[in-house]
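[1] need coordinates for the below:
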Amino acid sequence: MFPSFPHSTSKCLCLWRFKFSAHQRRMMSQKLLGANVPVHSHFVKIVYPLNTRNQRQFASQKKASQMSIIAHVDHGKSTLADRLLEITGCIPKADSNKQVLDKLQVERERGITVKAQTASLFYSFEGKKYLLNLIDTPGHVDFSYEVSRSLSACQGVLLVVDANEGIQAQTVANFFLAFEAQLSIIPVINKIDLKNADPERVEKQIEKMFDISTSDCIRISAKYGTNVERVLQEVITKIPPPKFDRSAPLKALLFDSTFDHYRGVVANIALFGGMVCKGHKIMSASSGKSYDVSEVGILTPEEVPADKLYAGQVGYLIAGMKEVKEAQIGDTLCLQKQPVKALPGFKSAKPMVFAGMYPVDQSEYNNLKSALDKLTLNDSSVTVHRDSSAALGAGWRLGFLGLLHLEVFNQRLEQEYNASVIMTSPTVPYKAVLSSQKLIKEYGENEITIVNPADFPEKYQVLEYLEPMVLGTVISPDEYLSKIMALCQSRRAIQKSLVYIDDKRIMMKFLFPLNEIVVDFYDGLKSLSSGYASFDYEDAGYQPADLVKMDILLNGRHVEELVTIAHKEKAYSAGKSICERLRDSIPRQLFEIAIQAVIGSKVIARETVKAYRKNVLAKCYGGDITRKMKLLKRQAEGKKKMRQIGNVEVPKDAFINVLKRQPDK
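    Here you go, the predicted structure:
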């Protein structure tokens, strides 16, 4: 396992290049030893190849490979997948073929991939027919878990880079995911048809950053299909086949799953040994439960039933799993009479953002619970814990990989399951080192993790607070250097390195508090850099911090769902910003609403939502002043009484927007 990224010093960079070159030579020697064997590979959108005569004759196949397609956001992964599906005959050529593998409504509305999708491609090369299994992966940092899971099922990747934008932050992150997994990497430079495309510059960036020769880069235009067929040929010749033993007992990795209302759980599996067919009795290695296989097949990308699936292939399996908890991502499936040692599975995703979720109507709790179970089956990176609120009732505390992940999950709940929910303000997980022996005995440990701000302990109960840190990578044209530095410093960032990746582009590394970047940092970065800068981050542990708990009061009443944890230096600006946004989000009532941000017993910020006012003097056309005063007094008494019994309704949109800051100046 190599370091995730070389240090900026020339000595460390040379050492890293030496290790990388040695790894490439070792991979090449493995390819040469098996040069006489047909090879299948996976793309950066993951693909699994296999030699076969037709879809029903998988038994004759001796070797197969998997591949995946990886890239930064909007560099053309889904478009490349469309062209590959057309060339291999999976879909007819048509102008309407756009984002064919992006099946979710939220993906088509937002124009991004949020869920990895699998497809099997048949391609003839040099007189032989190959089966390639392709996985289309997301490009946004919030969905990196989908990429890491996909890479575990493949032997190689297609690293797609935009010929206009060049290497971006997520390009670097995805490269090292594939590099650490010791996968073959084929660089593909896309969008050469653009007016400002500069493939020569991008090739030099790839050579400098990743030590991959410019001659290995493939220039294509996925939009028009230019040179795309060469990609398939390079996949077959350069990506090695997977290691498997078809004479061994069945051993299948469950790497993804969906829920069908009529057939139950549809499991996507990668076979590493043996074979499986309809009628087999299989067993889950994690739960020990047995199932009867009712259907197996491949995805082209539509489901195509097959007689059997063999080791080295990727396909789907239906075995009558009715409960969503029975299909655990990373589980190993085997024959009931031939148990095997479980595969390593996947490293569990680490949530970076937490939010409370509650049904709008408590009578919908059970329906929402069912929808939540089915959606988390399809998105295993979400963590779920039961929670309750005095104001919102029973609900859950969910953990997400980022704010976009949270918004997409909420949108999928509404679109796919017609579930209307209230989401509370997003927060990050903090830690506290307890000082009280009573609390240590109560929690069973001296360091606790706080995912709900309402549970934040008081200062006298702890020795110190710890906040999560991330190592952020920013890649941008050098003309925006000063603006980016100012933005990062305003977010309490510590600069770690600055490297030029070519004549005009720089790569900077900063140590950020997670709370400072998770909500709106990316928006601010894109705004000040005219959209040219890119950002990616990885976990960097915890560091001590001076934190305070800030309560929000509406007409003197605590709103538990709006409790916020802030750094002491930024408490005033954060409180003022939250009050201003609540003032704009809460609809006006017939009585005045006071919005206050409070730390302890001290009010640090206040905003007021003015009341609707009826002109009770409109009917007075003169007369004694006492008549007017009487009407005004009666109105004031009515408003006072209304304020005592009135309930302040907080729209659910306010919970998502409440932590967003004003644009950085």
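[2] direction included, what does the strand ranked longest in the chain pair up with?
    Taking DSSP state E as the criterion, the chain has its longest strand at strand 462-477. Next to strand 462-477 in the sheet, as set by DSSP bridges, lie strand 430-434 (antiparallel), strand 505-513 (antiparallel), strand 534-545 (antiparallel).
[3] and the angle for the helix or strand following it with strand 534-545?
    Using DSSP states H and E, the next helix or strand after strand 462-477 towards the C-terminus is helix 481-490. Per axes from the mean of the first three to the mean of the last three C-alpha atoms, to 10 degrees, the angle that helix 481-490 makes with strand 534-545 is 30 degrees.
[4] mean confidence for the next helix-or-strand element following helix 481-490?
    Note on helix 481-490: by DSSP H and E, the next helix or strand toward the C-terminus is strand 494-500. For strand 494-500, mean pLDDT rounds to 91.
[5] before we move on, what about stretch 574-586?
    For stretch 574-586, the mean pLDDT works out to 84.
[6] excluding sequence neighbours, find me the nearest residue to Glu516.
    Arg491 (3.8 Å; C-beta to C-beta, 6 or more residues apart in numbering). All C-beta atoms are positioned from the backbone trio N, CA, C, and that covers glycine.
[7] any idea how far the one you found is from Pro477?
    According to C-beta to C-beta, to the nearest Å, Arg491 and Pro477 sit 20 Å apart.
[8] of all the strands paired with strand 462-477, which one is nearest Ala636?
    Proximity to Ala636 (C-beta to C-beta) singles out strand 430-434 among the strands paired with strand 462-477, at 44.7 Å.
[9] just want the most central residue of this protein.
    The chain has Phe143 as the residue nearest its centroid, 2.2 Å off, counting by C-alpha atoms, centre = their mean.
[10] need the three-state assignment for that residue.
    Following DSSP: H, G, I helix; E, B strand; the rest coil, we place Phe143 in the helix state.
[11] which residues touch it?
    113-115, 137, 381, 401, 405 (C-beta atoms under 8 Å, 6 or more residues apart in numbering).
[12] picking up where we left off before, more neighbours, Arg491 and Pro477?
    More crowded of Arg491 and Pro477, by other C-beta atoms under 10 Å: Arg491, with 18 against 15.
[13] that one reaches Pro513, doesn't it?
    Yes: assessed by C-beta atoms under 8 Å, Arg491 is found in contact with Pro513 at 7.4 Å.
[14] thinking again about what came up before, just put the contacts of Phe143 in CSV and tack on neighbour count and distance to Asp198.
    Listed next are the contacts of Phe143 as CSV, based on neighbours: other C-beta atoms under 10 Å; distance: C-beta to C-beta, whole Å:
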residue, neighbour count, distance to Asp198
Thr113, 26, 26
Val114, 22, 30
Lys115, 21, 32
Thr137, 30, 26
Ser381, 23, 36
Leu401, 23, 33
His405, 26, 33
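[15] now, which of those residues sits nearest Ile189?
    Thr137 (18.3 Å).
[16] doesn't Val73 make contact with the closest one?
    No: using C-beta under 8 Å as the test, Thr137 is too far from Val73 to be in contact (11.4 Å).
[17] chain center to stretch 559-566, what's the gap?
    25 Å (C-alpha atoms, centre = their mean, to the nearest Å).
[18] export that stretch to CSV, keeping only CA atoms.
    What follows is stretch 559-566, C-alpha atoms only, in CSV (Å, rounded to 0.1, in the frame of the first residue of the first chain):
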residue,chain,number,x,y,z
VAL,A,559,-36.1,25.2,19.5
GLU,A,560,-34.2,22.0,20.0
GLU,A,561,-33.9,21.3,16.3
LEU,A,562,-32.0,24.6,15.7
VAL,A,563,-29.3,24.1,18.4
THR,A,564,-25.9,24.8,16.9
ILE,A,565,-22.3,24.2,17.9
ALA,A,566,-20.0,26.9,16.9
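[19] any buried residues in stretch 233-247, and which?
    Neighbour counts over stretch 233-247 (16 or more other C-beta atoms under 10 Å) mark 234-236, 238-242, 244 as buried.
[20] between those residues, which is nearest Glu302?
    Val235 (22.0 Å).
[21] what's the following helix or strand after the strand or helix carrying the closest one?
    Here Val235 sits within helix 228-238, counting by DSSP H and E. Sequence-wise, the next helix or strand downstream of helix 228-238 (DSSP H and E) is strand 251-260.
[22] partner strands of that following strand, with direction?
    Counting by DSSP bridges, strand 251-260 is paired with strand 264-273 (antiparallel), strand 332-335 (antiparallel).
[23] neighbouring contacts of whatever helix or strand comes next after the longest one?
    Which is strand 264-273. Per DSSP H and E, the first helix or strand lying C-terminal to strand 264-273 is strand 275-277. The contact list for strand 275-277 (C-beta under 8 Å, 6+ apart) reads 59, 246, 250, 252, 282, 293, 296, 307-311, 317, 333, 335.
[24] so how far is Arg246 from Leu471?
    Leu471 is 43 Å from Arg246, by C-beta to C-beta.
[25] part of a strand, is Gln596?
    Yes: according to three-state DSSP, Gln596 belongs to a strand.
[26] quick check: it touching Val609?
    No: in this structure, Gln596 is not within contact of Val609 by C-beta under 8 Å, at 12.0 Å.
[27] now the common contact residues for those two.
    Joint contacts of Gln596 and Val609 (C-beta under 8 Å, 6+ apart) do not exist.
[28] can you pull the pLDDT of Val160?
    91.
[29] actually, Ile186.
    According to the model, Ile186 scores 91 on pLDDT.
[30] good, wrapping up.
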